[in-house]
Every structure is written in C-alpha cells, then in structure tokens.
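1. The sequence and its predicted three-dimensional model are supplied below.
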Amino acid sequence: MDKLICKCGHENPPGTVLCESCGRPLNEQEQNKQLADMRYEGTARRSQTYNKSIIDKIWNFFSSVKVGVGIIIVLLIAAALGTILPQKQYVPATTEADIEAYYTDIYGSVGTVYHALGFHDLYNSFWFIGLVGMLAISLIIASLDRFVPLYKSLKNQRVLRHSSFMHKQRILAEGPGDAETLKKAEEKLTDLKYKVSTDKNGLLAEKGRFSRWGPYVNHIGLIIFLFGVMLRMMPGFYVDETLWIREGETRAIPDAPGYVLESKGFTLETYTGEGEEEKFGEAIDRVGTVAKNYQTDVVLYKIPEGALPGDTADMEMVEEHAIRVNQPFKFDGYALYQMDFQQDELKTMSFALQNKETGESRGDLTIDLVNPETNYELEDGSVVELLGYYPDFSGFENGEPQTATPLPKNPGFLVKMTTPDTPDGETSFITIQNTVEPLGDNDYKLAFQGVETRDASGLTVRKDRTLPILGLGGLIFMIGVAQGMYFNHRRFWIQQQADGSILLAGHTNKNWFGLKKDLDQVTEHASLPAYRDQQEDMEAQEKREGEQLT
Amino acid sequence: MTLADISSNLLYVAFIAYLIATFVFGGAVKGNKKGTYRSEERWGKVAITITVIGFLAQLGYFITRWMVTGHAPISNMFEFTTAFGMTLVGGFIILYALYKTAVLGMIVLPIALLIIAYASMFPSEVSPLIPALQTNWLAIHVITVVIAEGILAISAAAGLIYLLKVVDQKKKSKQRFWLEAIMYSLVLVLGFVVTSTFFTLTNYEADFAYVNKDGQPSEITYNMPAIFGMNEFEPMTDGAFTPLLEMPPIVHAGKLTTVLWSVAVGTVLYALIRLIFRKRISEMLQPFTKNVNLQLMDEINYRSIIIGFPIFSLGALIFAMIWAQIAWSRFWGWDPKEVWALVTFLFYAAYLHLRLGRGWAGEKSAWLAVIGFVIIMFNLVAVNLIIAGLHSYA
C-alpha cells in the first residue's frame, strides 16, 4: 500500500485517518464526520490496514475489541456455570467413580448431566484454559496494535493543527482576541499544571499524557500474572502436599528434602461465652459451639547435608513454632498451614489371643496402627502374623479387602495365628466388632482389649515460587488501572489567526466535566471567546428534530 | 445505656434520617418547576444535610459496634449488608458534592433503606470470629470490597434514572418490561422485609425433624409457616402449620419457604400498588425525571464505575488473594464467592471495553450498570445463602 501524502506535505503511513502532522482528515468518511474520532489519534493501526495473509487475519481477529469482549463474556458465563454445583475438590469423594456417583446420588439427573459435561472440574478443562489463553493473546495483540502508533503519534505531535482538525474537536471556541490573549492563556494553563509548548501563532497545552498508557500498563500486569500462573506447572516452582502428623510423631516433610517435623500436640479451643467473651453469649447459644483456635505446636529439624536418607540421629533443631489458621509457619521458602485435624484418632489396638472354647488367653499384643509390625511373638511361642493391614477398611473388591484412606479410621487386619495347639496356623480377618474366618472355623481368636487414641493435625506443605511474579503482575495491573482511570489526558490547542481572532479546541480522553472546569478558568483569565460543547449541541439538535417529528 | 445499645440506636437514627431525606429529595425534584439547579437547591440542601446526619450516625454505629465486638463489624450477613448500605450512601454524598443531583438521592436512598432493612432480617447479635477470620485482612479485604460495591451501585442508580427517563412508557417494549421487572424485584425485597418482620413480631416458630442429604437425622426451626417441608419431615411443635409439599433432600425447604412467602407478599404489595395507582411503578417515577440531564446521568454512571472498578479489583481480587494465600494456603481455589468476584470484575471490564472501544454510552451503558448491580446482589445474596462454599457465614 502507498503512503498517504497530506495537503500539508507530510507523508503518513498507509491506514492513517488524521494526518500525523496537521490533523487534517485523510479519508472521505472522516471528512464527513462532524467530530473527529480521537480514540487513537487517527493513527494507522496494523489491524485496520492489512488484511491479506493468514497472519494479518489472526492479528486482526485478536486485536478487535469486539472479539476481546466476546472472550470476556464467554469466560464470565463459563466461570458462573462452574458454581451451579460444587466443583470436585469440594466434594467428599476421592476416586473418579465415587465422584461420579456422588453427583448422581445427591443431585439426581442434573448431577449426572453436570458430571457428564465435565462441569465438575470445569476450571481445569482444556476449553476453559484455552479461553484464558485466548484472552492472554488478545491482551497482547490488541495492546500492541494500539499502543505503538498511539505512542509515536503523541510523541511527535505538532503544536499547530489544521483548522479542519480544530473544528472537529468536541470543545470549540472562536472569536476575537487581542495581543495579550495567547500569553495570558499560557500563564493560566501553566498555573493549572499544563505543559505548554508554543509555535509561531499557536500553543498546545497538555496534561496527564501518561494516563493514556494506563490500559497498556494494566494489560502488561495481567499478562505477567497469567505467565506466573502458567509457570507453576513447571517442576520446582510449586509444591502442594498434605502432611498428616500425630501428637508425638516425627515425620519427614514431603517435598521438602532435609526437613523433619515433630508434633508436640494439637489444640482445639472453642468460645466459652464467659468472662471477656460474655458479649458473644447470645450468638453461641444460637449456633452451638464456635471454634476459636486450631493450633499445632511443632518442632522443625534439619538433617545435615550428606546424611543418609532416613538417618535422623544427627538432626538439628531449627525452630519451635505454633502453627495456627492465618499464621502459617514459614521457613526456607516453604510454608506449613493448619488446614485440618482429626481428634481422638486411633493410635494402637490391643488384643488377647484367646482359645474360643476355654477362653484361656495365650498373651496380649498391641498393634501400632501407623507402623504395624508383621510378626507379634507371644511369650509361649505363639505368633500372630499380620498378613494384611487396611487402616480405613471400606469393603471387599474381587475378594480383596480395600482401604479408603491411609488414616486409621476403621482398621482391618488379616492375621495368621499360630500356637503350639495349631502349628499350621489359622487365618482370620478382623475389623471393629466383626471377625471373618475365610478358611473355615478357627480354634483361636483375637479378642479386642482396648484402644489408645491421640489427635492428628492435617497440615498443608506449600512452596510457591511464582508468588513474587504474581505479586508483580498484580501491582503493575493496579498501577495501570489507577493511571488510566484516576487521571485524564487533557489538551487545548489555541491559535491566533492573522486578523487577531482566536481559534481554540479542547480534547480529553474522559471527564469532560473536569476539562470544562479548567477551561472556564483559562477563559476568564485570558478573556477567551466562549466555548461550546459540540457533542451536546448535536444531541440537543437531534432532540429538537425528534420532537418536531412527533 | 451500654455501648451496644448506643450502637443499635445510631443505626435506627440513620435509617430514619435516610427515610426523611428520601422524601425531601423527592420534594426537591418534584418542586423544581424551572428545571434549573437553583430551583431545587434549597430543598436539596436540606435533604443532603439530613443525609449527611444519617451517614454520620451510621458511621457512629459502625465505629461503636467495632468497639463492642472487638473486630471490624463486617463479619456476617447483617454486618456486611448494613455496611453496604452505608457505603452506598457515602458514595452518593461524594457524587452529590460533585454534581448536585437531587434525583440521584431520591433513587439511591430508598435502595439503601431496602438494603439496611434486608440486613436487619438476619441475626444481629454480636458474634465471635472463627479462626479463619481472625486477622487484619478481614478489615482490609472486606472494607475495600464494601466501599467498591457502594460506589459501583451508584452507577446502577444513575443508570436506572437514565432508563426511567428514556424508556417510553406508552409503547410496549422489552425495555419497558425489564425496567418494570427491576421495580417489581425491589418490591419483592420489601415483601421479604414485611413478611419477616411480621412473623418475628408475632414470634412464629415451628420445629421439624428431617433427614438431611447425607442421610443423617437433623432438626430445623421455621420462622414462617412451612409451605415446603424438608425431606421426610416430622413436626415437633404442636399445632404447627403442616407443610403442603415435601422437598427432596438437596432442596433446603426452609429457605424455599421464606422465598415463597416473600414473593407472595411482595406480589400482593405490587398488585395493590398497581390497583390503587393504575400505573406501572416506572411510569409513576418518570415525571420525577423530567428535568434530568441525561448526559450528566451517563457521566455519573461512567465515573462511578471508573472510581469503583480499581477499588473493586484491589479489594475483591488482590487483597482477597493475599488473604486466601495466608489462610487457606492458596490464593485462588474457585470457591463460588471467588468465582463471582471474578465474574463481577470481568463484567465491569467488559463494560469499560464496550464503552471505550465500541462507544457504548447512554442507554446501553445504563442497562449494563443495572446488570452489574444485579451481579453484585447475586454474589451477596444467592452465593451466601444458596450456593454452599467457604464464604457462607450467615
């Protein structure tokens, strides 16, 4: 395409609407408009100029505001759809089959359809992530398409504009002036913190140009934020583990090599409604108990470098700490959160090996429900062998006992009992209050004696190295938004014609109310001709015409 | 009088002040024969003075309640919604100072009144904070959000005035229908307030036993005669009104009963209004907008969004993410309240792009501003009360 040569002699890049130098409209459509379209200063945008190659087409698609808004709206509706029923992470089921069954059981056919459409995990679906990706592309392309020409144009803008440009501005004043007019206007405008530049018989006063960059700055912030979110998929950037730790237990912290945690105990406090808390009495009576504090007291240890894995002999204490909700324990880029708890979790179970007929006991054994042994030898030579242990027994599948979780909530034991009376051994499957003898009747049984319990804390282990990037993105976004919305770009062009008359035009990207307040002051000080708001005039005109028709 | 009593009395004072100011603003608008600012200035000044007195009283309520409870009074439905009414009035006072528009007060104040009345239908006793809420981020996050929502709601009020003026009441149209639908839904809120107040004053209570969705036996207290019964309900109070219909376990029949009562009473109220005045509500309000400067309403609509949107982004997304990272170990978890905050953000982002990029101003902007308010109210009411999530505190 050819360069556009304006009557003033300036060469404009193809696609330019208003001459970069003098502001004359360069095409017929623009010439016929009553007011100039000042949104991008009438510059040549790539998307408005080229539409040949496939790259042009993609560029044009994503640079369109219409497409951008379309993506926003689709994303908005999709996000809302995901709240109709709870997402799968908030559902009390873990396996895919259980989750599917849960939606059907609780929500009936609606739940079945919701699950079948994949809406139970909507925000991780490829199409949702795809939409977010499209939004990111749109942010980048639409910004570049507008920012580059706008920046060039504002940087190179001239003081003197053609009168056709001036007449197409929304704020316009024409009338007589004297020798002092321009000087006085310049004085007042400088007073009002405008940057004034003059050229021959004209002046250009400008304020708040940086607010024009606001949209691009906030888009950069959003792109950095989305980049940070993407980065967490890279290994090493993000750790999300759950650590269940019981009172008195010492465990290695998952995904935090070299660190070991000991739990001193879990505390649950509730509001009493007495003393200081008397004011809460009424509320506590209405809802029952209200939790006041969830806390795990821990000690952090570090295993010295070079030690063998699992070798805890030389570990050094790093710090004692109380982990509470809203007060995570931070160390070396990791953070431990108080997320869950289990009170009175089973710790051990004791049994007596008894002869069923006589009731005679051959001795007691205590099974540690977290680290059970495989063989329990009794004093008289009897042995109880633990063939299988199912901490949270949930039933049989293909004849095999299953466990729902690794937590000892409903322990099941498959044992082989060997005594001097029964040297071949007898097999028995024991759960709470129930014994199954799969290989025929036994002579001996394990009689339940008692349990020990303790509290357990559910901690989340987190490392998130993307947080600084996300924070930076958020900060830049906020700066951009404030820059673009709390400030405005105001400009006045004033020219004194050869006959001494004044021509004034004013433009702002928003808040015309504020622009007029400034102009009122300048008009008074420099005795400028009265201005008019051409848009208001047009609307009043339309209204009058409308009224005449009816 | 204890500090707690002073606090609740201040709220009454505020309520009554807003009520009086509504009528004075109405009078100022109605009495403005010439259509100039000067002719409504005198009554406008009286009205804004009463409004400011009410606002200061409510600010007094807020501060004294903070002193009583020991935490920012924004931790449950009553407190948050009351504060929303306050920031709405605060936003209006700022915009009145800028633009001197009495008609805006005539619309904003009744909406604030409805919101505060709605808030007081929830338990208002001083409640302790659960561990997740025990942090300064409660005050920082929620106060920022409530200020932002108050300002954004002003844009809806300006939009509503715009629509009341431009929508032709003589011709049947979609616009006329939906504008009246907005009026009708405001009357429904009034219906809820009237019904709740009536049954609270008459001390209606009926207990039922039922089986919840996990198959566990539970109990529930109805404060309105039960139209819908919970799953496998058994009355526990003698002589209680027997539910007409039993609901499946996932439907909370107690809440549904409240909704039906409110809709029924609200509809009766609306029908009475129509019967007595023989006019649609929007038609009755239209004469008040005779002198409205449409361009000014459009500017107020746009400017409140421009002021409110950055504050909303900061409070409802950025502060929210920082707190979520501290309390729940992740800054974002697709909890329904989080999602709807995002939906609100995206909606206003779309509004701004449509306005700046496609020139959607005037009537289109006005409709969008009203829809924005609907989304905010949905997030406040429906997401708290219907959709279960981490933010269900009421």
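-> Yes, it's here.

2. C-alpha from now on. contacts and neighbour counts both.
-> Fine.

3. now stretch A:197-217, how far from the chain's geometric center?
-> Put simply, stretch A:197-217 sits 36 Å off its chain's centre (Cα atoms, centre = their mean, to the nearest Å).

4. Show me what the mean pLDDT comes to for that stretch.
-> Average pLDDT, stretch A:197-217: 93.

5. List the buried residues of it.
-> Buried residues in stretch A:197-217, defined by neighbour count with 16 or more other Cα atoms under 10 Å in any protein chain shown: A:198, A:202-209, A:211-217.

6. Tell me the secondary structure at the residue of the stretch 251-394 of chain B at minimum distance from chain A.
-> In the stretch 251-394 of chain B, the residue that lies nearest chain A is residue B:327 (4.3 Å; Cα to the nearest Cα). At residue B:327 the chain is in helix, as set by DSSP: H, G, I helix; E, B strand; the rest coil.

7. Equivalent analysis for residue B:40, please.
-> Assigned state for residue B:40: helix (three-state reduction, three-state DSSP).

8. so where does residue A:445 fall, helix or strand?
-> Using DSSP states H and E, residue A:445 sits within strand A:444-464.

9. which stretches of chain A have low pLDDT?
-> Low-confidence segments of chain A, defined by pLDDT under 70, span residues A:1, A:308-312, A:547, A:549-550.

10. In it, what residue comes closest to chain B?
-> Closest point on chain A to chain B, by Cα to the nearest Cα, is residue A:326, at 4.3 Å.

11. Quick check: phi and psi on that residue?
-> Backbone torsions of residue A:326, given as degrees, to the nearest 10, read phi 70, psi 0.

12. does chain B sit close to the helix or strand that comes right after the strand holding residue A:445?
-> Next along the chain after strand A:444-464, taking DSSP H and E as the criterion, comes helix A:467-485. Yes: under the criterion of Cα under 8 Å from any Cα of the partner chain, helix A:467-485 makes contact with chain B via A:474, A:478, A:481-482, A:485.

13. Please convert the residues you listed to JSON lines, extending it with distance to residue B:244.
-> Below are these laid out as JSON lines (distance: Cα to Cα, whole Å):
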{"residue": "A:474", "distance to residue B:244": "53"}
{"residue": "A:478", "distance to residue B:244": "54"}
{"residue": "A:481", "distance to residue B:244": "54"}
{"residue": "A:482", "distance to residue B:244": "55"}
{"residue": "A:485", "distance to residue B:244": "55"}
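
14. which of the residues you listed tops the neighbour count?
-> residue A:481 (26 neighbours; other Cα atoms under 10 Å in any protein chain shown).

15. what's the neighbour count on the residue of the stretch 251-394 of chain B closest to chain A?
-> 24.

16. Isn't it up against residue A:329?
-> No: between residue B:327 and residue A:329 there is no contact under Cα atoms under 8 Å: 11.6 Å.

17. which neighbours do these two share?
-> Both residue B:327 and residue A:329 are contacted by residue A:337, under the criterion Cα atoms under 8 Å, 6 or more residues apart in numbering or on different chains.

18. The one helix or strand residue A:131 maps to - contacts with which helices or strands?
-> Assessed by DSSP H and E, residue A:131 sits inside helix A:126-155. In terms of contacts (3 or more Cα pairs under 8 Å, 6 or more residues apart in numbering or on different chains; DSSP states H and E), helix A:126-155 is packed against helix A:54-63, helix A:65-81, helix A:214-231.

19. Touching the second one from outside, list them.
-> What it means is helix A:65-81. By Cα under 8 Å, 6+ apart, helix A:65-81 touches A:61-62, A:119, A:123, A:128, A:131-132, A:134-135, A:138-139, A:142, B:339-340, B:342-343, B:346-347, B:350, B:353-354, B:357-358.

20. What separation is there between the residue nearest the centre of chain A and residue B:148?
-> By Cα atoms, centre = their mean, chain A has its centre lying nearest to residue A:229, at 7.8 Å. Residue A:229 is 26 Å from residue B:148, where distance means Cα to Cα, to the nearest Å.

21. Brilliant, that's me finished.
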